[in-house]
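K.L.:
Below is the structure, and that's it, no one-letter string:
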């Protein structure tokens, strides 16, 4: 296992970290490890449009949305005329 030292940490930030760790019932060191692990895991998860679409599909699966009526489209509005009058 490796270790790091963080210098020049703002006192307010350290106090917030201490309170957050206490709320989770963890030491400050464990809280920092969890924050780093969760943040880096989110970055390394492949995020593609397809994955996003699959997540959306899973979220609304089973609601019967495929049977909803498709509303009729309205005609597009006319292109504005910017010519000086």
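P.N.:
Yep, it's here. The model shown is predicted, which means the values in this text are computed figures rather than measured ones.
K.L.:
got a list of contacts for stretch 6-15?
P.N.:
Contacts of stretch 6-15 with the rest of the structure, by Cβ atoms under 8 Å, 6 or more residues apart in numbering, involve residue 28. From N, CA and C alone the C-beta is placed, and that goes for glycine too.
K.L.:
10 Å instead?
P.N.:
Contact with stretch 6-15 is made by 16-17, 28, 32, as judged by Cβ atoms under 10 Å, 6 or more residues apart in numbering.
K.L.:
I'd like those residues written out as JSON lines, with secondary structure and neighbour count added.
P.N.:
What follows is those, written out as JSON lines (DSSP: H, G, I helix; E, B strand; the rest coil; neighbours: other Cβ atoms under 10 Å):
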{"residue": "16", "secondary structure": "helix", "neighbour count": "11"}
{"residue": "17", "secondary structure": "helix", "neighbour count": "16"}
{"residue": "28", "secondary structure": "helix", "neighbour count": "14"}
{"residue": "32", "secondary structure": "helix", "neighbour count": "16"}
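K.L.:
Kindly indicate which of those residues lies nearest residue 43.
P.N.:
residue 32 (16.6 Å; Cβ to Cβ).
K.L.:
nearest residue to the closest one other than its sequence neighbours?
P.N.:
residue 17 (6.9 Å; Cβ to Cβ, 6 or more residues apart in numbering).
K.L.:
In three-state terms, label the residue sitting nearest the centre point of the chain for me.
P.N.:
Centroid-nearest residue in the chain: residue 42, 8.7 Å away (criterion: Cα atoms, centre = their mean). Put simply, residue 42 is helix when judged by DSSP: H, G, I helix; E, B strand; the rest coil.
K.L.:
For the residue nearest to residue 32, report the pLDDT, please.
P.N.:
pLDDT, residue 17: 95.
K.L.:
Just give me the neighbour total for residue 24.
P.N.:
For residue 24, the neighbour count with other Cβ atoms under 10 Å is 11.
K.L.:
no no, residue 65
P.N.:
Neighbour count of residue 65, defined by other Cβ under 10 Å: 9.
K.L.:
Could you list the low-pLDDT ranges of this protein?
P.N.:
Counting by pLDDT under 70, the chain contains low-confidence ranges at 44-48.
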